[in-house]
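Student: below is the sequence, then the predicted model.
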Amino acid sequence: MPLSKGGTARLGIRARLAGGFAAVLTLIVLLTAIGIDQVKRIDRNLTTINDINGVKMRHAIDWRGSVHDRAILLRDMTLVTDPDELQDIQAHFQRLIDDYQEASQGMNGVVSDHGANAREARLLEIIDDQANQTNALAGRIIGERNRDNVAAARRILLDEAGPAFFQWLDDINAFINYQEAETARDTASARDTASGFQLLMLALCLAALLIGTLIAFLLSRQLLRELGAEPHEVKAFAEAIGRGELVVDGKLRDGDRRSIMAAQVAMARQLQDIVAQVRTAAESVASNSEQIASGNGELASRTEQQASALSQTASAMEELNATVSQNTSNAEQASRESEEAASLATRGGQAVQQVTETMAKLDESAGEIASITSTIDEIAFQTNILALNASVEAARAGEHGRGFAVVASEVRNLAQKSATAAQEISDRIARNGERVKHGNARAAEASQATEEIVATIERVSRIMQEISEASAEQRAGVQETGTAVTQMDRVTQQNAALVQESASSADNLSQHARQLMTAMSAFRLPGQPPADARDDAPRAGSAQTTSRDASHPATSPRREPDWADF
């Protein structure tokens with residue numbers, strides 16, 4: 001709840017309007033509630049008349065019709081003589097009994113659903129007792145008539161059943177009369193309620209009009225006191241302030257210090273001081289922002305130059321990194337090639353060693369073959385001697401030993417060929433032995449040279465390995481240096497962008513300050529020249545600002561460099 005200057009609690013306009021409308025709405029709700037209650041009372045009376053009393057009366061009338069018609073049928077039973085006609089009368093009598101039972105079921109249903117007062121319950125009990133007695137007499141008459149004892153049936157009808165039917169009809173008529181009385185009473189109550197409802201509605205409507213009028217008068221009086229003037233006067237004063245005419249003085253009532261009009265007058269006086277202060281501050285901000293924009297422009301230019309140099313350095317470091325990486329790759333490739341050459345030389349030395357061993361084995365085999373050849377030569381020599389002896393013996397034998405002489409001659413020829421072949425084999429083995437010895441000497445020299453090559457290649461491989469490791473360390477150092485330069489380049493670029501943004505912000509600040517000065521010029525203070533004279537000052541200021549902008553190109557919008565081109 002807002003507090004006034006005096007410290008007393010006052011309800012707001014919303015609360016007061018809400019209270020007034022709440023009072024009116026309360027009256028409407030009360031009127032509606034009373035109307036609904038009266039309508040419900042009328043509805044209950046009508047429901048009782050139509051749905052309860054009317055239904056009970058209809059069932060009672062059905063009872064009366066059934067009883068009356070059965071009494072007539074009993075009389076007819078004692079008068080007719082035709083059996084077929086008697087049978088039709090009895091069938092009609094049974095249908096009337098069924099109709100009475102159906103009406104009794106309906107009556108019991110109504111009583112069960114809506115209840116019955118003591119008078120109704122007593123009347124229904126009397127009707128049931130009389131129905132039981134009369135039905136018993138009717139049964140006796142029908143029995144006597146079926147036995148063709150017409151005189152007995154007539155005597156029972158005249159002496160007992162007739163008076164019983166009349167009493168039964170009187171009891172039913174008493175119940176119908178009671179229901180008619182109840183219906184009349186409920187109808188009168190409904191009419192009284194409707195008549196009272198009309199008078200009550202008229203009285204409540206009149207009270208609602210009086211209360212609503214009083215609330216409207218009080219609310220309008222309080223609102224006028226809160227506004228301090230007529231609404232159009234308050235609106236005109238607010239529009240004058242909105243146009244910047246702070247020299248307009250509002251008209252206040254005597255002693256008015258708390259109304260909206262009084263608050264607007266006080267606000268106009270405070271706005272005069274605020275506008276004067278803001279105008280002075282705006283001029284100072286405009287001058288300082290122009291100086292900041294000029295300094296930011298020069299700083300942006302130097303930052304761009306530094307960023308360009310760093311970009312070139314970063315590019316050179318990338319090229320150096322690529323060269324060192326290529327050297328490292330070449331050194332690693334050379335190291336792998338030297339390792340493969342050492343492996344090949346080692347396998348070559350092993351092959352030469354195997355050749356040397358093979359030549360030694362060939363020399364041993366040549367010696368063995370020479371020994372075998374000597375043996376063959378000796379065998380050929382002995383065979384030749386034996387062949388000569390055989391020839392001599394064949395010559396001694398004469399004609400009988402001619403065939404043996406031929407065989408001995410062939411054996412001798414074979415022995416000579418064997419000796420010649422053995423001699424040739426021996427000569428060739430001798431020459432091969434010399435060649436094997438010469439090959440062993442060359443193989444030994446090749447094995448020694450291969451061992452020296454292997455040792456040399458291993459030394460070269462170690463040197464290349466050291467070169468590769470040194471190149472890898474150099475590449476890592478160059479990469480770290482390149483990363484640092486790249487980070488410096490990125491930071492410098494960010495700084496350049498920030499300087500550009502700062503220059504742009506300073507330029508915008510200067511423009512906003514000029515716009516603020518122009519906006520403040522819309523307010524006219526006491527003792528200030530007219531609007532036409534005031535309009536010339538901003539134009540002069542704009543011309544000076546334009547000349548300052550031309551002399552300081554750093555304040556103009558600057559295109560950010562495309563750092564991806566470096």
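Tutor: Yep, it's here.
Student: how about the helices in the stretch 201-350 of the chain?
Tutor: Using DSSP state H, counting those that start in this stretch, the helices found in the stretch 201-350 of the chain span residues 231-242, 260-397.
Student: now the last one: mean pLDDT?
Tutor: The reference is to helix 260-397. For helix 260-397, mean pLDDT rounds to 74.
Student: tilt between that helix and helix 231-242?
Tutor: 50 degrees (axes from the mean of the first three to the mean of the last three C-alpha atoms, to 10 degrees).
Student: what is helix 260-397 packed up against?
Tutor: Applying 3 or more C-beta pairs under 8 Å, 6 or more residues apart in numbering; DSSP states H and E, one finds that helix 260-397 contacts helix 162-227, helix 231-242, helix 402-520, helix 531-551. The C-beta positions use only the backbone N, C-alpha and C, and glycine is treated the same way.
Student: figure out which of those helices is closest to residue 77.
Tutor: Of all these, helix 162-227 sits nearest to residue 77, with 13.2 Å by C-beta to C-beta.
Student: what helices or strands is that closest one leaning on?
Tutor: Helix 162-227 sits against helix 13-47, helix 54-77, helix 118-146, helix 260-397, with contacts defined as 3+ C-beta pairs under 8 Å, 6+ apart.
Student: which of these is buried the deepest?
Tutor: Burial of those is given as mean neighbour count (mean count of other C-beta atoms under 10 Å); helix 54-77 ranks first at a mean of 19.
Student: gap between that one and the chain center?
Tutor: For helix 54-77, the gap between its own C-alpha mean and the chain's C-alpha mean amounts to 79 Å (C-alpha atoms, centre = their mean, to the nearest Å).
Student: mind checking the pLDDT average for it?
Tutor: Mean predicted confidence for helix 54-77 is 90.
Student: quick one: closest of the helices and strands packed on helix 260-397 to residue 292.
Tutor: Evaluated over those, closeness to residue 292 peaks at helix 402-520, with 4.3 Å, by C-beta to C-beta.
Student: quick one: that closest one to helix 260-397, angle?
Tutor: Using the same axes, to 10 degrees: helix 402-520 against helix 260-397 is 170 degrees.
Student: now helix 402-520: mean pLDDT?
Tutor: 75.
Student: show me what it is packed against.
Tutor: Helix 402-520 sits against helix 260-397, helix 531-551, with contacts defined as 3+ C-beta pairs under 8 Å, 6+ apart.
Student: quick check: phi and psi at residue 82.
Tutor: Here is the backbone geometry of residue 82 (degrees, to the nearest 10): phi -80, psi 120.
Student: again, but for the one 5 residues further on
Tutor: Backbone torsions for residue 87, taken as degrees, to the nearest 10, come to phi -60, psi -40.
Student: how close does it sit to residue 352?
Tutor: Residue 87 sits 151 Å away from residue 352, going by C-beta to C-beta, to the nearest Å.
Student: about what we covered before: the helices of the stretch 201-350 of the chain into CSV, with extra columns for distance to residue 482?
Tutor: Shown next, in CSV, are the helices of the stretch 201-350 of the chain (distance: least, C-beta to C-beta, whole Å):
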stretch, distance to residue 482
helix 231-242, 64
helix 260-397, 4
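Student: and the ones you listed: which comes nearest residue 429?
Tutor: helix 260-397 (5.0 Å).
Student: so can I have CSV of the helices and strands packed on helix 260-397 showing distance to residue 75 and mean neighbour count?
Tutor: Output for the helices and strands packed on helix 260-397, formatted as CSV (distance: least, C-beta to C-beta, whole Å; neighbours: other C-beta atoms under 10 Å):
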stretch, distance to residue 75, mean neighbour count
helix 162-227, 8, 15
helix 231-242, 95, 14
helix 402-520, 117, 16
helix 531-551, 121, 12
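Student: and the helices and strands packed on helix 162-227 as JSON lines, adding distance to residue 174?
Tutor: Converted to JSON lines, the helices and strands packed on helix 162-227 look like this (distance: least, C-beta to C-beta, whole Å):
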{"stretch": "helix 13-47", "distance to residue 174": "24"}
{"stretch": "helix 54-77", "distance to residue 174": "10"}
{"stretch": "helix 118-146", "distance to residue 174": "6"}
{"stretch": "helix 260-397", "distance to residue 174": "81"}
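Student: closest to residue 412 out of these?
Tutor: helix 260-397 (3.4 Å).
Student: between helix 162-227 and the closest one, find me the angle.
Tutor: 100 degrees.
Student: and the helices and strands packed on helix 260-397 as a markdown table, adding distance to residue 130?
Tutor: Compiled in a markdown table, these are given as follows (distance: least, C-beta to C-beta, whole Å):
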| stretch | distance to residue 130 |
| --- | --- |
| helix 162-227 | 5 |
| helix 231-242 | 85 |
| helix 402-520 | 107 |
| helix 531-551 | 112 |
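Student: of the ones you listed, which is nearest residue 72?
Tutor: The nearest among those, by C-beta to C-beta, is helix 162-227 at 9.5 Å.
Student: quick one: mean pLDDT over the closest one.
Tutor: Averaged over helix 162-227, pLDDT sits at 83.
Student: which segments of this protein make up each domain?
Tutor: With domains defined by automatic domain parsing, the chain comprises 13-227, 262-553.
Student: in CSV: these, plus distance to residue 233.
Tutor: Listed next are the domains of the chain as CSV, based on distance: least, C-beta to C-beta, whole Å:
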stretch, distance to residue 233
domain 13-227, 8
domain 262-553, 10
